[in-house]
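S.K.: Fold the following, please.
(4 chains)
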Amino acid sequence: MTLSTGHSAALDFAQPEPPDLSSGKYVKLWQGPQHPGITGNMSLELVLDGDTIVSCKTHVGYLHRGFEKLMERRSFIQNFTVVCRIAVPEPTFNEYLYSHAVEEISGIEVPERAIWLRTMNLELMRLASFLMWIGGQSGAFGQYTVPNWTLAYRDYVLDLFEEMTGARIYHMYIVPGGVRAGLPDGFEERAREIMKGAEKLLDQIERVMFNNVVFKARSKGLGIITPDMVDPYGIVGPNARACGLARDIRKDEPYLAYDRLDFETISGNEADAYGRAYLRLQETRQSINLIRQCLDHAPTDGPFQADMPNVLHWKVPAGETYVKAECTRGEYGYYMVTDGSEFVRRVHVRGPSYTHAIAVMERLAVGTNIADIAGLMVSLHTYPPEIER
Amino acid sequence: MNTVDEILDYAIDQEQQAADFYEDLAGRVEKGGMKEILMEFSAEEQRHKQRLLAVKSGEHELTPEQEVLDLKISDYLIDVDATDDISYQDALIVAMKRERAAYKLYSDMAEKLPESHLRKVILGLAKEEARHKLFFESEYDERVLRDN
Amino acid sequence: MNLRDLLSPFFVWQRAFEKPYTSIRPTIDRPGAPAYRGFHINVSEECVGCGSCHSICQNHAIDMVPAAEFEGRTGDSGLRPRFDYGRCCWCGLCVDICTAASLRMSNEYAWISEDPDEFHFTAGVDDKPWQNNEHGYRRAEGYHLYPPKRIEMDMLSPDESVQSFEEVARGYSEAQAKLEADRCVECGICVATCPAHMDVPDYIHSIRDGDYEKGLQLMYRTNPFPATCGRICTRRCESVCPVGILGEPVAIRWLKRFIVDQVDAKDYPRILNDQIIESGHRVAIIGAGPGGLSAAYYLRKKGHAVTVFEAGETAGGMLRYGVPSYRLPDADLDKDIAYIVSLGVDIRYNTRIGKDIDFEQLLQDYAAVFLSTGLSVPSNMRIQGEDHARVLSGLQVLADVASGRDPGIGSRVAVIGGGNVAMDAARVSRRLGAEVTILYRRRIADMPADEEEIHESQEEGCNIVPQAIPVEIIAADKPQQVSIKWGEAEMVQDPTGGRPRPVLQEDRMHTDTYDCIISAIGQGSDLDFLSKENQQQLAIEWGKFTPGEYQQSALQKVFVGGDVANRTADAISAIEDGHHAARGIERLLNPDGFTATQTDNTGEPA
Amino acid sequence: MNELLERLQRHFDVNNINVLKPGMTTLKIGKDSAEILIRELRDREGYTHLNFITCIDYIEDGIFTLVYMLHNYDSKHTLGVHVDIDREHEEMTSIHTLWAQAWTYQRELREMYGINFPGSPRLDEDFCLEGWDQIPPMRREFDTRVFSEERFGHREGRHSEVPRVHMKMELYPKRGGDEE
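M.R.: Here you go, the predicted model:
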């Protein structure tokens, strides 16, 4: 299928004229920064005409901790403990990309075992993140059963992280040079059991949440992303795939062990909230499959860390790189510039939410019913911390 | 010397003579620091004497059956003279040799005696001297043979 | 609308009969995973207080605080890490970097208190319930944040090395030196252990920066013999290097040598820039060994006129005559000495105190005297037949070779002893083409020689016979040969204490014949140049001086140092004795000025 | 790839071409032709995806280097366009008409580095920092430690000792190379 994603004159990025609030016709409403319908701490400044949104502005900055700046005064090893906080539900992608950028500039070759353990770690992360997202999407439409299931089951995946990495949320497992440890005894059996349960759970969710007249009624037709919006708006990941674009960095520009895993890029043909949700459900299943493949193939012995210099005074040679990976929301990237000193010159973290939560959200919100704004927001799958970095 | 007291008196006298010997030598030596060492040897002999006096008065008992380690260091060293310019090493050799001779004397003496209390006392004295020998041989091993 | 979509959600009821996910705390305890990164554990006994945890902590959550019970232990700073849980992020980098693997994490994660200051504790010192938790995060086997293995020094192969007196250790290349310098964790524990308290971490840092001139300046602050010590130092520093606890210690000695090797001797005056302002005082030094010349250097820097009296015909003392050139080439020793002499140190060669000039005379003519005459008299075995013409002393053999004379050892040699002189005599003999047997009265592990020397002598083909006690030297059939009778020894624990002692086994005696026997069982001092009165005044114990503070002897203006005044009897201790005596002499000559801060060439207070 | 670079060199004054790895190249172009080059890349060369815009502060050279990272999904090639601007005259042509998310980046760069993009929408609206009264914080001269030490107190009861200094004081106060 060839889709037009090109830039056309028809798309107008001009900011809409602000509604005249003094007219008495509109109501201004702030949603967030603390609101159960918001994915994390950010807020939407909404202007309503009746139930209908006529203007939306995204406000961020409630989390800003300036990680990119902090990294400029921490050593290369210290930074690896900082980066995980840039996307709270998916710290692992930050760990991997940060490490990979440093490794690329330093010319460090990561051993085979670490490559597989990293791949498995990233897929487990995807599974945990999607489980949380499914609950969020369901909850945003007022259905609170599924969030209870998925958030609780996510904790079983976090148990696996705890065993593998020593922590449930900020794993700090992928470190420049490799990973911090091999798998603990009995991990494989427990992981397989949890994968089995997760598959069963996803089947149940499909029946309860997706084959559900209410969910369908509210999500179908909501927040339609057309293929011609994709590139002009920088839309990536499931948000782009749902409208038919088979773009997945894991497949297109394979990294880690993805070129040795058996999977196909999933793309859909319904570009609304329902289509995106269903695509994510399928990708969650795909993730389980990939985790199983990693368990099958990951070497159980051999080194899991490259020979490292003394990290206490590690100088990375001057260089520059941009590395990226497919996170649950699409292209996640680290741009790194080094100048030969003990500190990084500049790190820029590129998260998909930067565009999804601002430019895309502000456009899709217009014309939406106020009751659906939370559902729309979740259907774009955004994480505020990666906007603020 | 037929009685226990006689033999003990002899032994006590021997210790006193040894103490006097070192004290006399200490008065004559030339090397700095030797005087102090010889006075220390003399004091050691005085301690031996005190121990024997305690045995005689019954406050202390000899232990003829206790085994004493024999390092055999002095057995194979040549005799040296106690001259005015005696060195630390030689002073220790003199001391070891003297204790060894005393030990030999009492052991030989005991060998010739039938089983008796006297024999036990003499054997006890032999062990006592063996301990003195070990003291000086250990000292030699520590100081002279330190790097060896 | 599809009927299925209406009915399907009712599937939700099936779940009502399933086991719930949640459990009730605290009724049901849920411990952290076996590798959980929970509260910190420090095995304080194993910790050496290197502070690497403090250095790596990105949150400044760790302070190094004094822990009284660990103060004063060798190779231990006496400090222990104190955690501020208001800042800790439980990343575990402190555990990963811990040089002793003493720092760990427990799997405990619950700690409740209303007082925020409670969450501030010295792990392993303050009593915490999780200190002995079996589970928790440990650094994984095979995971390192600094290279545990040292960069090997290129050495001549044993086959090559026995062919000549060429230096065996070839020196690091710049790339090798930088890699090795990289391994230093900069704790500075070595600085305390180094007798001269050299600025080890700083000069290693200068290698990483490629600033060898700075490195040389740092070394000369505490040691004017860096070329020498860079080759033959006993390197106590390396024995306490925390990097050596789990891996191999940083090759501090080879790094020191690397710096010196990078700097040309002709650049020394410009780099070290020692400005001398004459003080008008005159100081005499007896003995031009490392102790004497070290004192000369630091005294000269203070502007005192220094005269060194040396009995031999060259300077260097035991470094010259006792250390063979395959370990310390003359050119390198001369590099150190030449710079000291260039500051205007007057050395009177072939001048023996007591014969050519009286000690009393020195006391009258000079404001202070530093006495560092070393241990020059070989010890005797005092066994029968020792005066045989074919029994040579190890020192004599080494001195002959150093002076270019043939020691006449023949082709089958027995060396008696286990110290460095014995190893050197043996290795020199190998180079002269002899077949060498080393007889030593204790076990190889007990040998006082450097492990490296023992290893290299074995590599070079010396046959070490341990637990062999010589008992008699016997004339052989041929006059150019000699026989030795020796007995095997058993090591016996001395009930009165001390190390295990060898006991001769009289039923296991052997007699072997050699072309010569080299006796190297130790050496003693020769203080006969001092009068009986002086000897009494100077307080001598077992042939050695017993200096007080600042190396001062019982005579106010006499300072003593080097092998004749310390128990360690190595070059670096002698160098420190000389340096410290120079400080003492400065205080004596300049009682009001010693607190004044002066500026040296590094721009920092000297 | 080489053809593309040749074409670009023919029409634009690009320099510092640097192949960082297969699939990624960076080049530098003057401030005035950057917008035209980027438009050309987007419309004619298939670099339809804007990965991000960012800035590197080379305070020692007095310049900000703006980085426009562009991606071509067909050739799977990423091209980094570097543009140096004077730190004293921190202004750059806006590209908000090229990509919908461009103005967000420009607004952030305005806040974090103080760079002006005339015409860019909502440029001076607060992005992350509400009520910020210091210099733009991503500039190198903004010292986070000084800032935090001025704003926030230190915890009572904290002090740390340096092992080598502590050992000197305890074990050999009169020795070593740094007193005398």
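S.K.: ok, and the closest non-adjacent residue to residue C:216?
M.R.: Taking Cβ to Cβ, 6 or more residues apart in numbering or on different chains, and ignoring the residues beside it in sequence, residue C:216 has residue C:263 as its nearest neighbour in space, at 5.2 Å. The C-beta positions use only the backbone N, C-alpha and C, and glycine is treated the same way.
S.K.: One more: residue D:144?
M.R.: In space, and not counting its chain neighbours, residue D:144 is closest to residue A:69: 6.0 Å by Cβ to Cβ, 6+ apart.
S.K.: Now for the one you found, how many residues are close by?
M.R.: The criterion is other Cβ atoms under 10 Å in any protein chain shown. On that basis, residue A:69 has 18 neighbouring residues.
S.K.: avg pLDDT for the helix or strand it falls within?
M.R.: Assessed by DSSP states H and E, residue A:69 sits inside helix A:67-71. What helix A:67-71 shows for mean pLDDT is 93.
S.K.: C-terminal to it, what's the next element?
M.R.: Heading C-terminal from helix A:67-71, the first helix or strand you meet, by DSSP H and E, is helix A:80-83.
S.K.: Say whether chain D is contacted by that following helix.
M.R.: No - among the residues of helix A:80-83, none lie within reach of chain D under Cβ under 8 Å from any Cβ of the partner chain; the closest is 12.6 Å away.
S.K.: near chain C, anything from that helix?
M.R.: Yes - looking at helix A:80-83 against chain C by Cβ under 8 Å from any Cβ, the contacts come from A:81-82.
S.K.: Export the following helix or strand past that helix to CSV, keeping only CA atoms.
M.R.: Reading on from helix A:80-83 to the C-terminus, the next helix or strand found by DSSP H and E is helix A:91-106. Listed next in CSV are the C-alpha coordinates belonging to helix A:91-106 (Å, rounded to 0.1, in the frame of the first residue of the first chain):
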residue,chain,number,x,y,z
PRO,A,91,13.0,4.0,31.8
THR,A,92,14.8,1.1,29.9
PHE,A,93,14.7,2.9,26.5
ASN,A,94,16.6,5.8,28.0
GLU,A,95,19.1,3.4,29.6
TYR,A,96,19.6,1.6,26.3
LEU,A,97,19.9,4.7,24.1
TYR,A,98,22.1,6.6,26.4
SER,A,99,24.5,3.6,26.7
HIS,A,100,24.3,2.9,23.0
ALA,A,101,25.2,6.5,22.2
VAL,A,102,28.2,6.4,24.6
GLU,A,103,29.3,3.1,23.2
GLU,A,104,29.0,4.2,19.6
ILE,A,105,31.2,7.3,20.2
SER,A,106,33.7,5.3,22.3
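S.K.: what's near enough to touch the residue lying closest to residue A:57 once chain neighbours are set aside?
M.R.: Here the nearest residue to residue A:57 in space, its sequence neighbours aside, is residue A:45; by Cβ to Cβ, 6+ apart that works out to 4.2 Å. If you count contacts by Cβ atoms under 8 Å, 6 or more residues apart in numbering or on different chains, residue A:45 has them with A:28, A:30, A:56-59.
S.K.: what two of those have the greatest distance between them?
M.R.: Between all members of these, the longest pairwise span (Cβ to Cβ) is found for A:28 and A:58 and amounts to 14.7 Å.
S.K.: Counting neighbours, go ahead and name the busier of the two.
M.R.: Just comparing residue A:28 and residue A:58: by other Cβ under 10 Å the higher neighbour count belongs to residue A:58, 22 against 11.
S.K.: beta partners of that one?
M.R.: Counting by DSSP bridges, residue A:58 is bridged to residue A:44.
S.K.: Closest residue of chain A to chain B?
M.R.: Nearest residue of chain A to chain B: residue A:310, at 37.7 Å (Cβ to the nearest Cβ).
S.K.: and the nearest residue to that residue once chain neighbours are set aside, what does it touch?
M.R.: Spatially, and ignoring its direct neighbours in sequence, residue A:310 is nearest to residue C:146 (3.7 Å; Cβ to Cβ, 6+ apart). By Cβ under 8 Å, 6+ apart, the contact set of residue C:146 is A:308-312, C:97, C:182-183, C:185, C:243.
S.K.: How about the secondary structure of residue C:146?
M.R.: The three-state label for residue C:146, taken from DSSP: H, G, I helix; E, B strand; the rest coil, comes out as coil.
S.K.: Skipping adjacent residues, who's closest to residue A:48 in space?
M.R.: On the basis of Cβ to Cβ, 6+ apart, the spatially nearest residue to residue A:48 that is not a chain neighbour turns out to be residue A:27, at 4.7 Å.
S.K.: What's the local residue count around the one you found?
M.R.: Applying other Cβ under 10 Å, we find 14 residues neighbouring residue A:27.
S.K.: And the one 5 residues further on, by the same measure?
M.R.: Here the neighbour count serves as a burial measure; for residue A:32 (other Cβ under 10 Å) it reads 23.
S.K.: is it true that residue A:160 lies in a helix?
M.R.: Yes - the assignment for residue A:160, made by three-state DSSP, places it in a helix.
S.K.: Now for it: which residues touch it?
M.R.: If a contact means Cβ under 8 Å, 6+ apart, then residue A:160 has A:124, A:187, A:190-191, A:194 as its contacts.
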